[in-house]
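Peer 1: What shape does this take:
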Amino acid sequence: MNPKMFYSLLGVTSLVVVLGTVCLYQLGYEVLTPVYVGITNAAGGQTEEQLLKLISESVTKKLDQENLDRLFQTIMSMANLDNPDDIKLVKSTLSENKHILSSILTKVMNSKYGNDPHKLPKTLLSSEISIKYKDMWRGHSLPIIVANPAGGVGNIMGQYATVYGLYKIYNVTAFITNLLKVNLNRFFDNVTMRAVDIGDTKEERTAMGWTELHKDHRTAPSTYFGLQLGAAGFMGPRRFYTSGCPIELQLFSIYREDFRHEFHFNEYLLHKANRVLSDFAQQAVLTKTDGSPTFISVHVRLKDYISHALKRWGVENIPDIYKGYLRRAMQYYKDRYQNTIFVFASDDLEYIEDFVKLSREKNIFISHGTQGEDMSLLTRCNHSIVTLGSFGFWTGFLSPGTTVYPDVRGHRAKSYHFTRRVIEEAQLDDFIPLPFEE
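Peer 2: Numbers count the residues shown, from 1 in each chain. So this is what the prediction gives:
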């Protein structure tokens, strides 16, 4: 090896060889850091070229390990991974790609300190940072991310949207399971992600070569960083499927218009929603001089959320809290629009009927439809009021106007998907926070 060529490879470094030890001074990100490398058999009559080759190999090996350790620790400090399987995948993937770790480390550090905090989508690492592979599965590039359904309608929409966002950001191969396809096709006629069979049980999926990606942390439902690392290739050329209920607003909010197309209700649901709104308008008591009616949708998630809110977020007396919140939210719109018509939908119709009787409002109507009929109806309204839960979120996200949502604060906010912080970081500027409790 030509000495000039070797020294040029060292870049911004200096080299000292003393008594069989190489001290390589490497320009790090904060300080000039020395890297000590012991050279075996450094004496004994080697030629200059042999000695330089020996030094080069030893230094490269040492620096590769330094880069591996530093990159791994940096990623772990940025993510909330606590599942040992996911952590092991990240480390093994980095070990298998040592030849590109130096350039990745530079990009990661630049991303960590140079990212625009206001830029969407908000990712753990810059969308330009990824590890590419030539590996294929049935003609599709690896890695692959599959949205696997869990929970109700709002949750499965969130899973679809999260994986769709990863596809848009990282150009990763993305699918949904057959079951998720069936569930979404009950309501929507423009779902574009293709379905794939991944088996029905965890054991079947493992046997078929699928790898589960886990929730990063129990108390942080909006930090599924493992999904991002998997999509960016930092967990290897594998086939992954989601677990839990990822609803990563910061990843998919920028693609809102895409979802208004993806989650386009079928003709039956649209026709019924329009007919119901027309019937409500005819029954409402309106002042003609005030113009056309303004429809305000109101979704109230209650039944399972009484115990769920207490267990997950420490919120007691949800039925009583809702009453005050709903009155304030309705007043918000009455102060801004004439001829308001409030369209209620809920999983607890008895509660809503009692609320309507006590409110003495003249233009309140209650939907008695299915989940699909309710969501289609609510999204056809001009503006929205939502309570807790993902179903209500989607009625606001897909509707054309503003959405009033509960501003859940304090320790309760740490484990709730739709806090004010999450909404604002997703830059949903038409979502209006209103105090959840007086």
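Peer 1: Could you give the backbone dihedrals for the spatially most central residue of the chain?
Peer 2: Central residue of the chain (CA atoms, centre = their mean): residue 248, 2.1 Å from the mean position. Comment: the main-chain dihedrals of residue 248 come out as phi -90, psi 80, following degrees, to the nearest 10.
Peer 1: Check residue 405 too.
Peer 2: Dihedral pair for residue 405: phi -130, psi 160, per degrees, to the nearest 10.
Peer 1: OK, contacts around it?
Peer 2: By CB atoms under 8 Å, 6 or more residues apart in numbering, the contact list for residue 405 reads 386, 392, 393, 396, 418, 423, 431, 432, 433, 434. Where you see a C-beta, it was placed from the backbone N, CA and C, and this is true even at glycine.
Peer 1: picking up where we left off before, please, which helix or strand holds the residue nearest to the residue nearest to the centre of the chain when sequence neighbours are not counted?
Peer 2: For residue 248, ignoring the flanking residues on the chain, the nearest one in space by CB to CB, 6 or more residues apart in numbering is residue 162 at 4.5 Å. When elements are defined using DSSP states H and E, residue 162 is found to belong to helix 153-170.
Peer 1: neighbours of residue 126, just the number please.
Peer 2: Around residue 126 there are 17 other residues, counting by other CB atoms under 10 Å.
Peer 1: likewise the one 10 residues further on?
Peer 2: Residue 136 has 12 neighbours, counted by other CB under 10 Å.
Peer 1: for residue 347, same thing?
Peer 2: By other CB under 10 Å, 18 other residues sit near residue 347.
Peer 1: go on, residue 142?
Peer 2: The criterion is other CB under 10 Å. On that basis, residue 142 has 18 neighbouring residues.
Peer 1: Let me see the contact set for the closest residue to residue 87 other than its chain neighbours.
Peer 2: Sequence neighbours aside, residue 81 is the residue nearest to residue 87 in space, at 5.3 Å (criterion: CB to CB, 6+ apart). Residues counted as contacts of residue 81 (CB under 8 Å, 6+ apart) are 87, 90, 216, 225, 226, 229.
Peer 1: Out of those, the closest to residue 185 would be?
Peer 2: Proximity of the contacts of residue 81 to residue 185 (CB to CB) peaks at residue 226, which lies at 28.2 Å.
Peer 1: what sits against the closest one?
Peer 2: For residue 226, the contact set (CB under 8 Å, 6+ apart) comprises 79, 81, 83, 86, 213, 214, 215, 216, 235.
Peer 1: ok, now how distant is it from residue 86?
Peer 2: Counting by CB to CB, to the nearest Å, the gap between residue 226 and residue 86 amounts to 5 Å.
Peer 1: which neighbours do the two share?
Peer 2: Shared contacts of residue 226 and residue 86, defined by CB under 8 Å, 6+ apart, comprise 213, 214, 235.
Peer 1: Let me see the domain layout of the protein.
Peer 2: Structural domains of the chain, as assigned by automatic domain parsing, span the residue ranges 3-67, 93-258, 273-435.
Peer 1: lowest-confidence stretch among the ones you listed?
Peer 2: Least confidently modelled of the domains of the chain is domain 3-67, at a mean of 55 by mean pLDDT.
Peer 1: picking up where we left off before, just the buried ones among the contacts of residue 405, please.
Peer 2: Burial of the contacts of residue 405 was assessed by neighbour count (16 or more other CB atoms under 10 Å); the buried members are 386, 392, 393, 396, 418, 423, 431, 432.
Peer 1: with those residues in mind, which one is nearest to residue 262?
Peer 2: The shortest approach to residue 262 among those belongs to residue 393, at 15.7 Å (CB to CB).
Peer 1: Roughly how far does that closest one sit from residue 406?
Peer 2: Here the criterion is CB to CB. By it, residue 393 lies 11 Å from residue 406.
Peer 1: Pull up the overlap in contacts between those two.
Peer 2: Residues touching both residue 393 and residue 406 (CB under 8 Å, 6+ apart) are residue 386.
Peer 1: could you pull out the strands for the stretch 301-438 of the chain?
Peer 2: With DSSP state E, counting those that start in this stretch applied, the stretch 301-438 of the chain shows strands at 340-346, 364-366, 383-386, 403-407, 431-435, listed in chain order.
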